[in-house]
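In: build me a structure from this.
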Amino acid sequence: MTIVSMKGIAKSFGSSVALADFTIDIRSGELICLLGPSGCGKTTALRILAGFERADSGTMLIDSKDISDLPPEKRGFGMVFQEYSLFPNMTARQNIEFGLRMQKIGGASRKETVDRMIDITRLEEHADKFPHQMSGGQKQRVALARAIAISPRVLLLDEPLSALDAKVRESLRDEIRRLQLEIGVTTIFVTHDQYEALAIADRVGVMSNGRLEQLASPRELYEAPANSFIAEFIGTTNTFSAQRRPDNKWEVLSKQLNSIIAPANGAVARAVIRPEQIALDVRDDGDGTILTISFLGAISRVIVADPTHGHIVADLISADAARLRIGDRVAIRIRDDVTEVVLFGVDVA
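Out: You can find the predicted model right below:
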């Protein structure tokens, strides 16, 4: 399997910097998601790796060999785009077979591979359909099967699910992960959807302004973000003032907590508290007022207006939230089982 390394990649389009010293090492068989807002450079990084764009500087290594000067067709990558890019005059089977024909794979071996791709992508009922006869999810599975049929060294996925509706997107997302694990191909998946990235990636690289801000497991990104941008970009956050105590614990909403990440100096910081870490107590003297309660199935999201902290988001088990009503006065606190907090320094104007 393949190890990918991009070191010091820089790319500008005129005066616009798309990538700045972009460096990433991807382990063999790993699924990496590049995640970030529009214009952060994630697709540019993928296109440079694929050979569709040329970096201004930096190197790209596959299994320790520099591929910077290789054309796309010589890199041995499989690619799946947001647009399905299927041949409209070919059936699903013929589309999957196309790359194998280009590789001059023999008929018997080619049929065996295509049959296997149809089987693992669950396209048996659609193998002889043309693209116009298939749904978006079916067409994207054909595109996936075609990409992996050629046994690519690396599989590159550029926003492959963004054109699909939510239910199909979720199903196909899980299908991609299942296939990637089964085949073991090193995979780079570009997306702007954080839930997509957190659900399927071994590690997620969060990008901003052409730079890789943090590369870590989904859990680490969520629970120990490297900076305030990542904390606010991944998931939903509430921010409270935190005061350092003499014993180096931090006091947030009258609760003493250990810090996961803390400013090196200073007695005051900003604490990041996730919605599921918030508890609400109905009290006549509570400072907060419930504005909305949204039932989301297992959990309910409660928005509370607080005169000191603004709007606070709390995610409660729906059975517990059932006792709450819009307009209730509540006291906001941190759940009893929360013992650690992520802190960042207070911005100085």
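In: could you use CA atoms for every contact and neighbour count after this?
Out: OK.
In: report how many residues lie close to the nearest residue to I200 once chain neighbours are set aside.
Out: Among residues not flanking I200 along the chain, R177 sits closest, at 5.9 Å (C-alpha to C-alpha, 6 or more residues apart in numbering). Neighbour count for R177, taken as other C-alpha atoms under 10 Å: 16.
In: and R177, that's in a strand?
Out: No. Assigned with DSSP: H, G, I helix; E, B strand; the rest coil, R177 falls outside any strand and is helix.
In: was I right about it contacting D202?
Out: No. Counting by C-alpha atoms under 8 Å, R177 stays clear of D202, with 10.0 Å between them.
In: tell me which residues touch G235, please.
Out: 194, 222 (C-alpha atoms under 8 Å, 6 or more residues apart in numbering).
In: does it belong to a helix, a strand or coil?
Out: Per three-state DSSP, G235 ends up coil.
In: look up how far G235 lies from T292.
Out: Distance from T292 to G235, counting by C-alpha to C-alpha, to the nearest Å: 19 Å.
In: quote the end-to-end distance of stretch 140-156.
Out: Stretch 140-156 has an end-to-end distance of 14 Å (C-alpha to C-alpha).
In: report the contact partners of F344.
Out: F344 neighbours (C-alpha under 8 Å, 6+ apart): 227-228, 261-263, 269-271.
In: can you put those residues in JSON lines and add distance to M6, neighbour count and secondary structure?
Out: Shown next, in JSON lines, are the contacts of F344 (distance: C-alpha to C-alpha, whole Å; neighbours: other C-alpha atoms under 10 Å; DSSP: H, G, I helix; E, B strand; the rest coil):
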{"residue": "N227", "distance to M6": "23", "neighbour count": "16", "secondary structure": "coil"}
{"residue": "S228", "distance to M6": "26", "neighbour count": "16", "secondary structure": "helix"}
{"residue": "I261", "distance to M6": "28", "neighbour count": "17", "secondary structure": "strand"}
{"residue": "A262", "distance to M6": "31", "neighbour count": "18", "secondary structure": "coil"}
{"residue": "P263", "distance to M6": "31", "neighbour count": "14", "secondary structure": "coil"}
{"residue": "A269", "distance to M6": "35", "neighbour count": "23", "secondary structure": "strand"}
{"residue": "R270", "distance to M6": "34", "neighbour count": "22", "secondary structure": "strand"}
{"residue": "A271", "distance to M6": "34", "neighbour count": "27", "secondary structure": "strand"}
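In: need the max-distance pair from those residues.
Out: The span of the contacts of F344, defined through C-alpha to C-alpha, is set by N227 and A269 at 12.8 Å.
In: mind checking how far R203 is from G8?
Out: Distance from R203 to G8, by C-alpha to C-alpha: 20 Å.
In: neighbour count: the two, which is higher?
Out: R203 (22 against 16).
In: list the residues that contact the more buried one.
Out: Contacts of R203 by C-alpha under 8 Å, 6+ apart are 31-33, 215-218.
In: doesn't S5 make contact with I26?
Out: Yes. Here I26 reaches S5: they are 6.2 Å apart, a contact under C-alpha under 8 Å.
In: now stretch 74-82, how far from the centre of its chain.
Out: 20 Å (C-alpha atoms, centre = their mean, to the nearest Å).
In: that one: end-to-end distance?
Out: From its first residue to its last, stretch 74-82 covers 23 Å (C-alpha to C-alpha).
In: buried ones in it?
Out: Neighbour-count burial for stretch 74-82 flags 75, 77-81 (criterion: 16 or more other C-alpha atoms under 10 Å).
In: nearest to K129 among the residues you listed?
Out: Closest approach to K129 among the buried residues of stretch 74-82 (C-alpha to C-alpha): V80, at 19.7 Å.
In: find the nearest non-adjacent residue to the closest one, please.
Out: Nearest non-adjacent residue to V80, counting by C-alpha to C-alpha, 6+ apart: L157, 4.9 Å away.
In: how many residues are close by the one you found?
Out: 23.
In: then S254?
Out: Neighbour number of S254 under other C-alpha under 10 Å is 11.
In: repeat that for L215.
Out: For L215, using other C-alpha under 10 Å, the count is 21.
In: mind listing what it touches?
Out: Neighbouring residues of L215 by C-alpha under 8 Å, 6+ apart: 203-206, 221.
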